[in-house]
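*Asks:* Here is a sequence together with a model predicted from it:
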Amino acid sequence: MQHLRTTVARLRPITATQTVKSQSQARPMAVGGALRTFEPMRSYTTSVSAEPFMNGTSSNYVEEMYYAWLENPRSVHKSWDIIFRNANAGVSPGAAYQSPPPLGGAALGLANAQAMVGAQPNMEKLVEDHLAVQSLVRAYQVRGHHIAKLDPLDIAGPPSSDIITSSDKLGFYGLDESDLDKVFRLPTTTFIGGSESVLPLKEIISRLEMAYCQSIGVEFMFINDLEQCQWIRQKFERPGVMQFTLEEKRTLLTRMVRSTKFEEFLQRKWSSEKRFGLEGCESLIPALKTIIDKSSMNGVESIIMGMPHRGRLNVLANVIHKELDQIFCQFDSKLEAADEGSGDVKYHLGMWHRRINRVTDRNITLSLMANPSHLEAVDPVVQGKTKAEQFYCGDTEGKRVMSILLHGDAAFAGQGVVYETFHLSDLPSYTTHGTVHVVVNNQVGFTTDPRVARSSSYPTDVAKVVNAPIFHVNADDPEAVMYVCNVAAEWRATFHKDVVVDLVCYRRNGHNEMDEPLFTQPLMYKQIKKQKGVLQKYSEKLLAEGAVSRQDYEEEIAKYDKICEEAHARSKDEKILHIKHWLDSPWPGFFNVDGQPKSMTSLSTGLPEEELVHIGYIASSVPVEDFTLHRGLSRILKGRTAMVGQRRVCDWALGEYMAFGSLLKEGTHIRLSGQDVERGTFSHRHHVLHDQKIDRRICIPMNHISPNQAPYTVCNSSLSEYGVLGFELGFAMASPNALVLWEAQFGDFNNTAQCIIDQFICPGQAKWVRQNGIVLLLPHGMEGMGPEHSSARPERFLQMCNEDPDTYPVSVCEFAVRQLYDCNWIIVNCSTPANYFHILRRQILQAFRKPLIVITPKSLLRHPEAKSSFDDMLPGTHFQRLIPDSGPVCENPEAVKRIVFCTGKVYYELTRERNNRGNDDIVAIARIEQLSPFPFDQVKVETDRYPNADLVWCQEEHKNQGYYDYVKPRLRTTVDRTRPVWYAGRGPAAAPATGNKAAHLVELQRFLDTAFNLDAFTEQS
């Protein structure tokens, strides 16, 4: 209550004739040993003769009494309390004094005192008015963006009735026009006063309008951090914050000239070509350059960018500084394609460039990632690459490396991967410590009106899930754009959190230069045809201000036109298109100068036994003192100890451990990510141990292999496939000297990341000459668990292999390595821990990088027969592309009547059935471990070894799924089509597996019968 009284006293309204300037300055004053600061409150409306007791030196005494009363009304005599209360209630100072209550009659005195304070209703009005002003300030902070002048076309119509737009705005708060001249003390949650702490109401409203309702609309009041909110208020509310020097204005004009004239040049030279120009949002270029300048000033050395196709060529030319002749030659239809790959259209290509930032005079590396037409798909890829660069340079706070993501309005609101990427932004193993998002808000999605394209008010509302401030800005106000981008870059540098800049603009030419937008947006495009270009608007403004002369302006235009014409002339000399000139992620020193691998020889991937044993014991221990382990986990580790020390074998988890541990010891960073990978979906891995008594205390034994080892990162991801796989793909782009793996919780979950697989991983090298060694681990197997968690859909991966099934490869030296180099990705289904161990090591030891798809098992993780001897992992051993039958069939190959080819888990079911039937000497079983590239040479050895055997492909998957359609033509090519290839497996089906356990077992036995019934195909032949 006392605080309320003090506040009310300090907030006493001052009449309009009392200006803020007429008040004396606040001064500190010691009261009771404490230092206080109060602003003097004097009334100047009363004549001097009416207040003789406040004349001369008495006024100083009164002031001190008044300050003391403001601090604590009980600290002064009751008579002074009454004077100050009456004066603040509107009573003239001359009449405010009343005699103190008599000493003898306490009750009577109290009644008289209460009667003397006769203006209590006015006090309540005072409180209400100040609370009303505070609410009004907050209303502008919360809702001012709704009435800001954001649309350069001004076609959105008047805003709906709002508490700050209604004609009775003041009445809503209990104020009226008579209050406009009253002066109110400003709340601490606003900075519109600058150095002033009190303002007339009409000035308060005027300044709020200037801060929140002009070309910039600020959304930030949903942020639950007071410091961050106050920071934003200061940036936009302080009077005069948007003041620019003459030099800044001229630099901005120059950038606008280059952005605009680049598009005009392309339109003039290639008017019938699609280029997805930037017309209508030319201020994007100075926006990006401002963010880069400010970030460089704050110490950033590398920026990774991702963007859609609109404006991409302009960004490449004027932000990344790609050579103009290299851009212009892309329009030459006679340009011959180089033999590095199939290439991509010009507005999908990326670029990497290191240059001096002219504003800061510091080196800056800019990388614009290549991406497909699938909007927003590049977002997590950019974040992954950013995280990797931060990791490799030890930038744990994101001060040296950052990302900028550009978006379209419709895609930002519509694509779910945007949400997935935002949710990675603050996770420990995925954060990039803040991204600047720039939305090119065309106010239309291709032909779709925003009113039917999203349910939210703005396309940027998704950013609120991570408390990212959103700065909407009219793109036809370049100075406002520049200011907002400066603030965005400062926000990122200060708080290391995401921020969104919403550039509200339009597309002058429709979706592309060949499109007719009047079909679907007639009113919008009639307005656009009337619209002055932003360069014309801004140049007229600066000319009117005298900031530039017309001669200087025209010379700047002529200068850039000359640069473009000279580059165009040089571009005609280009005869061959080199895709490698557009590489966005170079790997210096990894390849030879000509871009070829340094070696094409096959290396052994085995290890000395002492190293295997050492890693095995690490995997079986807890290398941290006083660590309480779960009893069940203790049994697992004891089992590993027995395998290593007594039996010299490893299971699947131990084989993986030995591959990882050895690579870490050799200096290769390993990153394993995905849902539940720390423990493993099937509770087999246990790479992160948890203390059972101390919360969050963990141990990662893999980081205790060797003193000088590379770090091991294993991290459970968010429940996302699309976003997380894209992130890991980007991480793998940054360096070839890291093994980056993404494991699906179940193999079939890869289909929610299909866009990353189809558009980046499979064709990435062909489109963008960009190798990548990412590894996908996809648990797979028909085990009666229903249709959802059975199939990793290997048929989809196999279908996208670039190998010709009808042509036997030419035999060359190092045939297997050449096959790997020529393929677009490697697909394996290992049946032994040793082979899994070798494939992981080969992925790093080979001299080039290819994506690796590993169809991993489920039941084999604990299968008693699925164990490998250390002998299969020693020096001289390597990955087996095909594992031949080494049993009784080898004694008399000509007597073998059937050779069954298979892959993966089904091998163990086949061998069990063969043993039960006693067919060990007449049916051979060969395991194809590497499906792509197909081991034609080794399959030929097997078919030649058994000349009298019929050929059968056996799989547990349905006939229209799995491997059959991929393997059959290749088997036939191998035998030159002289022998048929028969099928043993489940019949065609729509679902991957049955949901009935009994039906599953019936299907299993049926195809096993077919595989071993030597007369099964007699009628068909």
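*Replies:* Structure received. Numbering: from 1, shown residues only.

*Asks:* hmm, which helix or strand of this structure has the shakiest average pLDDT?
*Replies:* Least confident element among the helices and strands of the chain, by mean pLDDT, DSSP states H and E: helix 2-10 (a mean of 36).

*Asks:* E865: what's it in contact with?
*Replies:* With contact taken as C-beta atoms under 8 Å, 6 or more residues apart in numbering, E865 is in contact with Y908. (C-beta placed from N, C-alpha, C; glycine too.)

*Asks:* Just the pLDDT for K346.
*Replies:* Confidence at K346, expressed as pLDDT, is 75.

*Asks:* I'd like the distance between the closest residue to it other than its chain neighbours and D573.
*Replies:* Beyond its immediate neighbours in the sequence, the residue positioned closest to K346 (C-beta to C-beta, 6 or more residues apart in numbering) is Q330, lying 4.0 Å away. Per C-beta to C-beta, to the nearest Å, Q330 is found 14 Å from D573.

*Asks:* Looking at those two, which is more packed in?
*Replies:* Each of Q330 and D573 has its neighbours counted (other C-beta atoms under 10 Å); Q330 has more, 19 against 8.

*Asks:* give me phi/psi at that one?
*Replies:* phi -70, psi -20 (degrees, to the nearest 10).

*Asks:* Let me know the distance separating it from L820.
*Replies:* From Q330 across to L820, the span is 32 Å (C-beta to C-beta).

*Asks:* likewise K387?
*Replies:* Relative to L820, and taking C-beta to C-beta, K387 is found at 28 Å.

*Asks:* ok, these two, which is more surrounded?
*Replies:* K387 (27 against 21).

*Asks:* ok, the more buried one - contacts?
*Replies:* Contacts of K387 (C-beta under 8 Å, 6+ apart): 430-432, 727, 730-731.

*Asks:* how about the strands in the stretch 201-350 of the chain?
*Replies:* If DSSP state E, counting those that start in this stretch is used as the criterion, the strands of the stretch 201-350 of the chain fall at 216-219, 302-306, 336-337.

*Asks:* From the contact counts, what lies against the helix or strand harbouring N86?
*Replies:* Under the criterion of DSSP states H and E, N86 resides in helix 78-88. Judged by 3 or more C-beta pairs under 8 Å, 6 or more residues apart in numbering; DSSP states H and E, helix 78-88 is in contact with helix 2-10, helix 58-71, helix 93-96, helix 106-116.

*Asks:* and if we set it to 7 Å?
*Replies:* helix 58-71, helix 93-96, helix 106-116 (3 or more C-beta pairs under 7 Å, 6 or more residues apart in numbering; DSSP states H and E).

*Asks:* Kindly report which one of those helices carries the lowest mean pLDDT.
*Replies:* The minimum mean pLDDT among these belongs to helix 106-116 (a mean of 47).

*Asks:* Show me where the stretch 601-750 of the chain dips below the pLDDT cut-off.
*Replies:* In the prediction, the stretch 601-750 of the chain carries no residues with pLDDT under 70.

*Asks:* likewise the chain?
*Replies:* Across the chain (using pLDDT under 70), the flagged ranges come out as 1-64, 88-122, 157-167, 337-339, 513, 1021.

*Asks:* can you rerun that using 50?
*Replies:* Along the chain, segments meeting pLDDT under 50 span 1-57, 104-113, 115-119.

*Asks:* Farthest pair within the contacts of K387?
*Replies:* Across the contacts of K387, the longest distance by C-beta to C-beta is 13.8 Å; it joins T431 and G730.

*Asks:* of these two, who's got more company?
*Replies:* Using other C-beta under 10 Å, the more surrounded residue of T431 and G730 is G730, with 31 against 19.

*Asks:* And the helix or strand hosting that one, what does it pack against?
*Replies:* According to DSSP H and E, G730 maps onto helix 722-734. Secondary-structure packing of helix 722-734 (3+ C-beta pairs under 7 Å, 6+ apart): helix 378-392, helix 416-422, strand 669-674, strand 738-743, helix 754-756.

*Asks:* Just say which of those is most tucked in.
*Replies:* Among those, ranked by average contacts under mean count of other C-beta atoms under 10 Å, first place goes to helix 378-392 (a mean of 27).
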